[in-house]
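1. Coordinates only, no sequence provided:
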């Protein structure tokens, strides 16, 4: 059986890219301000080898 959940229309998708320490601080700030924010694990940046990218799904509270 296929899971056919309706997509949530109240989500914003946010991508944070930068040095790992900066991205971690920004993600912490977002998740502290909006506890429902759901961050991904850090992925290597495709454009800068010293940077990472994190994706978050954020819904208004």
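-> Received the coordinates, thanks. Being a predicted model, the structure only gives us computed values, none of them experimental.
2. Which strands or helices does the helix or strand where residue 57 lies pack on?
-> Following DSSP states H and E, one finds residue 57 within strand 52-58. Secondary-structure packing of strand 52-58 (3 or more CB pairs under 8 Å, 6 or more residues apart in numbering; DSSP states H and E): strand 12-18, helix 20-33, strand 38-39, strand 43-44. No exception for glycine: its C-beta is placed from N, CA and C like everyone else's.
3. highest average neighbour count across these?
-> A comparison of those by mean neighbour count, using mean count of other CB atoms under 10 Å, puts strand 38-39 on top with a mean of 16.
4. Point out where the chain drops to low pLDDT.
-> Low-confidence segments of the chain (pLDDT under 70): 1-8, 61.
5. if we can go back for a sec, would you mind putting the helices and strands packed on strand 52-58 into a markdown table with distance to residue 52 alongside?
-> Shown next, in a markdown table, are those (distance: least, CB to CB, whole Å):
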| stretch | distance to residue 52 |
| --- | --- |
| strand 12-18 | 7 |
| helix 20-33 | 5 |
| strand 38-39 | 12 |
| strand 43-44 | 6 |
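6. Out of the ones you listed, which gets nearest to residue 59?
-> When these are compared by CB to CB, strand 12-18 sits nearest residue 59, at 7.6 Å.
7. on contacts alone, who are the packing partners of that closest one?
-> Strand 12-18 sits against helix 20-33, strand 52-58, with contacts defined as 3+ CB pairs under 8 Å, 6+ apart.
8. Strand partners (parallel or antiparallel) of the shortest one?
-> Put plainly, it is strand 52-58. Counting by DSSP bridges, the strands paired with strand 52-58 are strand 12-18 (antiparallel), strand 38-39 (antiparallel), strand 43-44 (antiparallel).
9. can I get these in JSON lines with distance to residue 58?
-> JSON lines is the format used below for the strands paired with strand 52-58 (distance: least, CB to CB, whole Å):
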{"stretch": "strand 12-18", "distance to residue 58": "5"}
{"stretch": "strand 38-39", "distance to residue 58": "8"}
{"stretch": "strand 43-44", "distance to residue 58": "18"}
